[in-house]
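[1] any chance you can model this:
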Amino acid sequence: MLKVFISVPTAGRDDKDIISSVNMLKALGDVVIPELHTYVEMPKIDTEVLGMSDRKKDMYVLSKRIELLSQCDVFISVCRSERPFSDEPFVWENTNVRLEKDIASSYGVNCYMFDIDIVCPDLMPPGYIPIKYIERPHICGDTLCGDTDGDNDE
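    Numbers count the residues shown, from 1 in each chain. The predicted model follows:
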């Protein structure tokens, strides 16, 4: 049975939006992974009791997530939309999601990536209209993404 790791942006988001994004990725994962699989769950870590600075807490949580990722066969997360809406970088690009994806792909974990504007609509600017739901996602090597022209620019 394959073990599947899901990664979504969490910084500045409430639990409801995070859970919604995880559930969306689980539904998409059930479609793209034909083999029997299970989703690994990250236990909640109470970082307040650690007595660390915010930066060190973030690093500690990342280390625990990487430890869990090391036991998985598949990584599912979000990628940059094929239709950027601003010159500003996405907030999530500088977070643990990008690091986890880089580690997973570097160590041969199969990666499936879905457009962020579908999975995390709460991160889009007011008035943004999301692209059409991905009917036939493009596959970049071992990575599923929204890159429809095949030039790997996600």
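
[2] what's the longest helix in the protein?
    Counting residues, the longest helix found in the chain (DSSP state H) is helix 15-32.

[3] the next helix or strand after it: partners in the sheet, and parallel or antiparallel?
    Helices and strands here follow DSSP states H and E; after helix 15-32, the next one along the chain is strand 37-39. Sheet pairing of strand 37-39 (DSSP bridges) gives strand 2-6 (parallel).

[4] residue ranges of the strands in this structure, please?
    2-6, 37-39, 74-79, 110-115, 138-140, 143-145 (DSSP state E).

[5] need the winner for burial among the ones you listed.
    Highest mean neighbour count among these (mean count of other Cβ atoms under 10 Å): strand 74-79, with a mean of 24. All C-beta atoms are positioned from the backbone trio N, CA, C, and that covers glycine.

[6] that strand to helix 15-32, inter-axis angle?
    Between strand 74-79 and helix 15-32, the angle comes out at 120 degrees (axes from the mean of the first three to the mean of the last three Cα atoms, to 10 degrees).

[7] dihedrals phi and psi, the residue with the largest distance to the centre of the chain?
    Residue farthest from the centre of the chain, counting by Cα atoms, centre = their mean, is Gly51 at 28.0 Å. Gly51 adopts backbone torsions of phi 70, psi 40, taken as degrees, to the nearest 10.

[8] run through this protein and note the low-pLDDT ranges.
    For the chain, residues meeting the criterion pLDDT under 70 lie at 81-94, 128-154.

[9] need the contact list for Ile6.
    22, 25-26, 29, 39, 76-77 (Cβ atoms under 8 Å, 6 or more residues apart in numbering).

[10] how near is it to Asp102?
    Noted for Ile6: a distance of 16 Å to Asp102, by Cβ to Cβ, to the nearest Å.

[11] so the residue sitting nearest the centre point of the chain bridges to which residues?
    Nearest to the geometric centre of the chain sits Ser77, at 2.4 Å (Cα atoms, centre = their mean). Beta bridges link Ser77 to Met113, judged by DSSP bridges.
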